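Engineer: below: sequence and its predicted model.
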Amino acid sequence: MKAAPFEYTRVSTLAEACELLSEHGGDAKLIAGGQSLVPMMAMRLARPAWLVDINRLEELKHVELRGDALVVGAAVRQCVIERNADAVRSLPLMNRALKWVGHVQTRNRGTVGGSVVHADPSAEIPLVACVLDATLVLQDTSGRSEVAAREFFFAPMVTAIAPEQCLAEIRFPVWDAPRVGCSFEEVSIRHGDFALVSACAQVALDADGKCVRAALGIGGASPFPHALPEIGAMLEGKVLDDMLIEDAAVAVAGLIDPDGDLHATAEYRRFLARMLAMRVLKAAAEDAAGKGAK
Amino acid sequence: MSEKLYPVSITVNGKAHAAEVPSRLTLVDFLRDTLRLTGTHVGCEHGICGACSVILDGAPVRSCLMFAVQLDGCSVTTIEGLARPDGTPSVLQDAFCEAHGLQCGYCTPGMIVASHALLESNPQPSEAEIRDAIGGNLCRCTGYQQIVDAVQLAAGNLAKGAK
Ligand SMILES: Cc1cc2nc3c(=O)[nH]c(=O)nc-3n(C[C@@H](O)[C@H](O)[C@H](O)COP(=O)(O)OP(=O)(O)OC[C@H]3O[C@@H](n4cnc5c(N)ncnc54)[C@H](O)[C@@H]3O)c2cc1C
Ligand code: FES
Ligand code: FES
């Protein structure tokens, strides 16, 4: 046994989870897939006195189209969203991203919400949430509140969630346009490891091939998943030719300020961000162009 | 300090086991130390190596990343549950021997569990699909190629009707 001792409660309602969190404050932690929390407990980087298990909360396991958003319950497992027909159709960027999230075994347990709250700056799901401008719905004993994904992440593992709050669901906006394309790419030391740098893009083209909407973000190069709406603004209304995409990639490198560490220097991360931004924009544009050709 | 114990009932390889466990006992320790099913190996104990892979409700998972207490009422299959009913090796296990899919054997239970789960859902996987399925399992000996060969051999033998 490697973790420090803790009291365990498996809750059967979200309200009960919120009660326990409010009663025990920072001493209690929720456990979802456990794929990040249990390693931290094994290394005693985390030693919650109470562990509140939300794995069997059906009320956190919905995946449904609601208005112009795909709503994903926080405890939906990554392997479920990977195969969910609505998600594959309406949120293709998430599907591309999930291929990079750990391995089959970790996706079979890990949840969408756990990845968001864990807030690793290289994590793919938080990046998708920021790029698509998703909304996070938090719950505590006093009710529900909402926060934009882009305002949720502050620094590695530091977010806007309070110790007594539970992430209930995430609303991912669905782009309702006939020609939407997307791409997710990253460079890591081995496939399935956390990314040194990742990039993803989603673009929509009109019937003439002009870009009507574009979103791009970079992971692993900032202390938080970094959506870059400036790049979208630069591309909208234009034809995404190679020259424009290269200019956009150069602009990406100027907008980020990566740190260096044991695995990669700041310069190398900046270089990767530029190259990956170029690749994902090209691939997303090609993906969109292949749809409903005029 | 006497630690609080929690009752659990877990079905392992078709057999129900009831026990009282400390909350912090991981599933892999429950399997190895409580049930003495030492076929499942434990390497890193923090999710990196895949040696501890078991099948939970049909899907391969890391047994060091869950606590036994969480699995009350669940059903787990370990490497011991993959052999033929008479205890002789399965087609996949035979293929690992035949293709030299193991050397020291440390990673092998996890590799076999991961490839078994793959073949269950995808009986004719491509090489890329095999590499993806064992991507979460580290092997320090074989260089992986013979493991991929073994899974391909098993897929071929199963397709020819081997049981
Ligand atoms: C070998 C390995 C490789 C990995 N590779 C990657 C990778 O490439 N990319 C990647 O993004 N991730 C990776 N991960 C981590 C990923 O698998 C986890 O799924 C994810 O980071 C956390 O999700 P979880 O459901 O397991 O959360 P847990 O580990 O259960 O929880 C993580 C944190 O979130 C909190 N929490 C969970 N759910 C909620 C909720 N609903 N409300 C409030 N708080 C909550 C917990 O209290 C805890 O603090 C990897 C993990 C392993 C073991
Ligand atoms: S012992 Fe579980 S992954 Fe290494
Ligand atoms: S056979 Fe030795 S670790 Fe794989």
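Structural biologist: Yep, it's here. Ligands and ions are numbered 1, 2, ... in the order given.

Engineer: number of residues surrounding the closest residue to ligand 3 within the stretch 51-200 of chain A?
Structural biologist: For the stretch 51-200 of chain A, the nearest residue to ligand 3 under the criterion CB to the nearest ligand atom is A:Arg190, separated by 15.6 Å. The way it works is simple: take the backbone N, C-alpha and C, and place the C-beta from them, glycine included. By other CB atoms under 10 Å in any protein chain shown, the residues close to A:Arg190 number 7.

Engineer: confirm it sits in a helix?
Structural biologist: No. Counting by DSSP: H, G, I helix; E, B strand; the rest coil, A:Arg190 falls outside a helix, being coil.

Engineer: next one, pLDDT for it please.
Structural biologist: Per-residue confidence (pLDDT) for A:Arg190: 83.

Engineer: also B:Asn122?
Structural biologist: 97.

Engineer: that one contacts B:Ala128, doesn't it?
Structural biologist: No. Counting by CB atoms under 8 Å, B:Asn122 does not reach B:Ala128; the two are 11.5 Å apart.

Engineer: for these two, indicate the residue with more neighbours.
Structural biologist: Between B:Asn122 and B:Ala128, counted using other CB under 10 Å, B:Asn122 has the larger neighbour count: 13 against 9.

Engineer: mind listing what the more buried one touches?
Structural biologist: With contact taken as CB atoms under 8 Å, 6 or more residues apart in numbering or on different chains, B:Asn122 is in contact with B:Glu129.

Engineer: gap between the residue of the stretch 51-200 of chain A closest to ligand 3 and ligand 1?
Structural biologist: Distance of A:Arg190 to ligand 1, computed by CB to the nearest ligand atom, to the nearest Å: 10 Å.

Engineer: max-length helix in chain A?
Structural biologist: For chain A, the helix that runs over the most residues, judged by DSSP state H, is helix A:266-289.

Engineer: buried ones in that helix, by neighbour count?
Structural biologist: A:269-270, A:272-285, A:287-289 (16 or more other CB atoms under 10 Å in any protein chain shown).

Engineer: skipping adjacent residues, who's closest to the residue in chain B that chain A sits nearest to in space?
Structural biologist: Residue nearest to chain A within chain B (CB to the nearest CB): B:Gly136, separated by 2.8 Å. Nearest residue to B:Gly136, sequence neighbours excluded (CB to CB, 6 or more residues apart in numbering or on different chains): A:His103, at 2.8 Å.

Engineer: need the contact list for the one you found.
Structural biologist: A:192, B:50, B:135-136.

Engineer: now do the residue in chain B that ligand 1 sits nearest to against B:Pro22, distance only.
Structural biologist: Nearest residue of chain B to ligand 1 (CB to the nearest ligand atom) works out as B:Gly47 at 3.1 Å. Counting by CB to CB, to the nearest Å, the gap between B:Gly47 and B:Pro22 amounts to 20 Å.

Engineer: the two: which is more packed in?
Structural biologist: Between B:Gly47 and B:Pro22, counted using other CB under 10 Å, the more crowded position is B:Gly47 (22 against 19).

Engineer: correct me, but that one touches A:Arg109?
Structural biologist: No. Using CB under 8 Å as the test, B:Gly47 is too far from A:Arg109 to be in contact (9.7 Å).

Engineer: which neighbours do the two share?
Structural biologist: A:35, B:62, B:65.

Engineer: the first one contacts B:Leu65, correct?
Structural biologist: Yep, that's A:Gln35 we're talking about. Yes. Contact criterion CB under 8 Å: A:Gln35 and B:Leu65 qualify, at 5.8 Å.

Engineer: shared neighbours of those two, anything?
Structural biologist: With CB under 8 Å, 6+ apart, A:Gln35 and B:Leu65 have common neighbours A:106, A:109, B:47.

Engineer: and which of the shared contacts of B:Gly47 and A:Arg109 is nearest to ligand 3?
Structural biologist: B:Arg62 (16.1 Å).

Engineer: what about A:Val147, which SS state?
Structural biologist: strand.

Engineer: ok, now which ones touch it?
Structural biologist: So A:Val147 contacts A:135-136, A:138, A:160 (CB under 8 Å, 6+ apart).

Engineer: specify which member of the residues you listed is nearest to ligand 1.
Structural biologist: Among these, and counting by CB to the nearest ligand atom, the member closest to ligand 1 is A:Leu138, at 7.8 Å.

Engineer: secondary structure element holding the closest one?
Structural biologist: strand A:135-140 (DSSP states H and E).

Engineer: what sits up against that strand?
Structural biologist: So strand A:135-140 is in contact with A:14, A:18, A:21-22, A:69, A:116, A:129, A:144-149, A:152, A:161-162, A:164-171, going by CB under 8 Å, 6+ apart.

Engineer: of the residues you listed, select the buried ones using a ChimeraX command.
Structural biologist: Entered in ChimeraX, the line below selects the buried ones among those, by 16+ other CB under 10 Å:
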select /A:14,18,21,22,69,116,129,147,149,152,161,164,165,166,167,168,169,170,171
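
Engineer: just the contacts of strand A:135-140: which are in helices?
Structural biologist: A:14, A:18, A:21-22, A:116, A:129.

Engineer: got CSV for these, with distance to chain B and pLDDT too?
Structural biologist: Shown next, in CSV, are the ones in helices among the contacts of strand A:135-140 (distance: CB to the nearest CB, whole Å; pLDDT from 0 to 100):
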residue, distance to chain B, pLDDT
A:Leu14, 18, 98
A:Cys18, 20, 98
A:Leu21, 17, 97
A:Ser22, 21, 97
A:Val116, 18, 98
A:Ala129, 23, 98
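
Engineer: tell me the one of those nearest ligand 2?
Structural biologist: The nearest member of these to ligand 2, counting by CB to the nearest ligand atom, is A:Val116 at 23.1 Å.

Engineer: give me the pLDDT value at the residue nearest to A:Leu138 when sequence neighbours are not counted.
Structural biologist: Excluding its sequence neighbours, the residue lying closest to A:Leu138 (CB to CB, 6+ apart) is A:Gln165, at 4.6 Å. Predicted confidence (pLDDT) for A:Gln165: 97.
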